[in-house]
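Asker: Pasting the sequence and the predicted model now:
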Amino acid sequence: MTEDRPLDGDTLFYVYTVIEASATDALPDMPPPLGGGGLRLVSAGRHAAVVEAVDALHFEEEPLRGHLEDLEWLSAVARAHHGVVAAVGGATTTVPMRLATVCRGEEGVRRLLAGADERIAEALVRLAGAQEWGVKLYAGQPPEPPGGGTVGGGPAAGAGGGRDYLRRRLKDRDVREASRTRAARTARDLHRELSRHAAAAVLHPPQDRRLSRAEGLHVLNAAYLVPAAGREAFLDAVPPPDALDAGLRLEVTGPWVPYSFTAGADEEAGAAL
Amino acid sequence: MSRQQRVELDPDTVERDLARLVLTVIELLRQLMERQALRRVEVGDLSEEQEERLGLTLMLLEDRMALLRRRFGLTAEDLNLDLGPLGTLL
């Protein structure tokens, strides 16, 4: 991309999030989050997208695909993405696009908006006045003493040692399985209870441990869409730490802009490029 | 961030990395064998003598694994390869 004519029809636009076309005040005033041309609005009909012209060197289809494997690059983009979405979300109801949604030219952005017009409109209604809360439940690493079974006597422990060893391992395994089952049941009950206090709920797959950097097994990773008015009731439904089984750890985050409840509003994103 | 998750063949650490790779495979087999053994003990289709021999063998294996891990400065967790969306190997 040349600096002389930065905004021709081939310019790539990173699409952060979508708002109602009338909500132009919600465009945040911040330095270019992705080091591109800075934030601006592209509108089509009743909706407008918050976009930034970005460098084709990184965001053209091919290099982008490579970057998506790169956790460090991704997390930088995710931070920029989230910064913009949070700023916009603080000012108006917004429907965040999927991370790394890129369109070719303003025309591409308008096509994206037009193609998802109904879904965006629905999502804006659904998300108005509601916030997202994340709830994660971790089970402590099941007690599996590596080599712990052989403390003391070692392999020469004498007659009966082999059978004892097997019995011991059998017991260890049963304890582990029981605690896993308990954790799964707690997760299910918790999810059911919290869902009753939320307008909507989604279960996410367990997180990549490299990203979460959390110890233990991820037994619940859920997001709840909670109307602002129901916030107290929802948070009250979250059990206090001492009400949980030993070894379970609960993590509640929020309130977020409801990323998890856009329900395909950005489905067209891939095709729009 | 993902440095320790990868088996990197660096000249300085090549011996340890190779050991880690080999021990990971052995540990996987050991755990599969143990699981199978426990299942058979549960079902009860082994004689006492067979159980004893099997138990001793597994015990010995575990002991040797711990020894080898120590020699290369590896923890049990080091042998647990991260398979991304599939979870961990062990």
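Answerer: Cool, got the structure. Residues are numbered from 1 along each chain as shown, chains lettered A, B, ... in the order given.

Asker: where does A:Leu225 land in three-state SS?
Answerer: strand (DSSP: H, G, I helix; E, B strand; the rest coil).

Asker: give the contact list for it.
Answerer: Neighbouring residues of A:Leu225 by C-beta atoms under 8 Å, 6 or more residues apart in numbering or on different chains: A:Arg126, A:Leu127, A:Ala130, A:Gln131, A:Glu132, A:Ala198, A:Ala199, A:Ala200, A:Ala201, A:Pro258, A:Ser260, A:Phe261. In this view, the C-beta of every residue, glycine as well, is placed from N, C-alpha and C.

Asker: cutoff 10 Å now
Answerer: A:Leu225 sits next to A:126-127, A:130-133, A:198-202, A:234, A:258, A:260-261 when contact means C-beta atoms under 10 Å, 6 or more residues apart in numbering or on different chains.

Asker: So which of those residues sit within helices?
Answerer: Taking DSSP state H as the definition of helices, these contribute A:Arg126, A:Leu127, A:Phe234.

Asker: Can you tell me, leaving aside adjacent residues, what's nearest to the residue in chain A that chain B sits nearest to?
Answerer: As assessed by C-beta to the nearest C-beta, chain B sits closest to A:Gly162 within chain A, at 2.9 Å. Distances taken as C-beta to C-beta, 6 or more residues apart in numbering or on different chains put B:Gly55 closest to A:Gly162, at 2.9 Å, once the chain neighbours are dropped.

Asker: which residues does residue 39 contact?
Answerer: Going with chain A. A:14, A:16, A:27-33, A:50-53, A:84, A:87-88.

Asker: Please refer instead to chain B.
Answerer: By C-beta under 10 Å, 6+ apart, the contact set of B:Arg39 is A:Leu170, A:Arg173, B:Asp45.

Asker: before we move on, what SS does the residue nearest in space to the middle of chain B have?
Answerer: Nearest to the geometric centre of chain B sits B:Glu27, at 1.5 Å (C-alpha atoms, centre = their mean). The assignment at B:Glu27 comes out as helix when based on three-state DSSP.

Asker: was I right about it contacting B:Thr75?
Answerer: No. Using C-beta atoms under 10 Å, B:Glu27 is not in contact with B:Thr75; the gap is 11.5 Å.

Asker: and the residue of chain B found nearest chain A, how many neighbours?
Answerer: The nearest approach of chain B to chain A comes at B:Gly55, 2.9 Å away (C-beta to the nearest C-beta). When neighbours are counted by other C-beta atoms under 10 Å in any protein chain shown, B:Gly55 registers 24.

Asker: so what does the helix or strand harbouring it touch, helix or strand wise?
Answerer: According to DSSP states H and E, B:Gly55 maps onto helix B:48-71. Packing contacts for helix B:48-71, counted by 3 or more C-beta pairs under 10 Å, 6 or more residues apart in numbering or on different chains; DSSP states H and E, involve helix A:161-196, helix B:14-43.

Asker: okay, the angle between the longest one and helix B:14-43?
Answerer: Read it as helix A:161-196. 90 degrees (axes from the mean of the first three to the mean of the last three C-alpha atoms, to 10 degrees).

Asker: Tell me what angle the helix or strand of chain B with the lowest mean pLDDT forms with helix B:48-71.
Answerer: None of the helices or strands of chain B scores lower by mean pLDDT, DSSP states H and E than helix B:14-43, at a mean of 88. Taking the same axes, to 10 degrees, helix B:14-43 and helix B:48-71 form an angle of 160 degrees between their directions.

Asker: Pull out the buried residues from helix B:14-43.
Answerer: B:16-17, B:19-20, B:23-24, B:27, B:30-31, B:34, B:37-38, B:41 (16 or more other C-beta atoms under 10 Å in any protein chain shown).

Asker: A:Glu52 and B:Gln31, how far apart?
Answerer: 49 Å (C-beta to C-beta, to the nearest Å).

Asker: so what's the closest residue to A:Ser260 other than its chain neighbours scoring on pLDDT?
Answerer: Distances taken as C-beta to C-beta, 6+ apart put A:Ala223 closest to A:Ser260, at 4.0 Å, once the chain neighbours are dropped. The pLDDT attached to A:Ala223 in the predicted structure is 94.

Asker: Burial check on A:Ala223, number of neighbours?
Answerer: 23.

Asker: Over to A:Pro31?
Answerer: Neighbours around A:Pro31, by other C-beta under 10 Å: 7.
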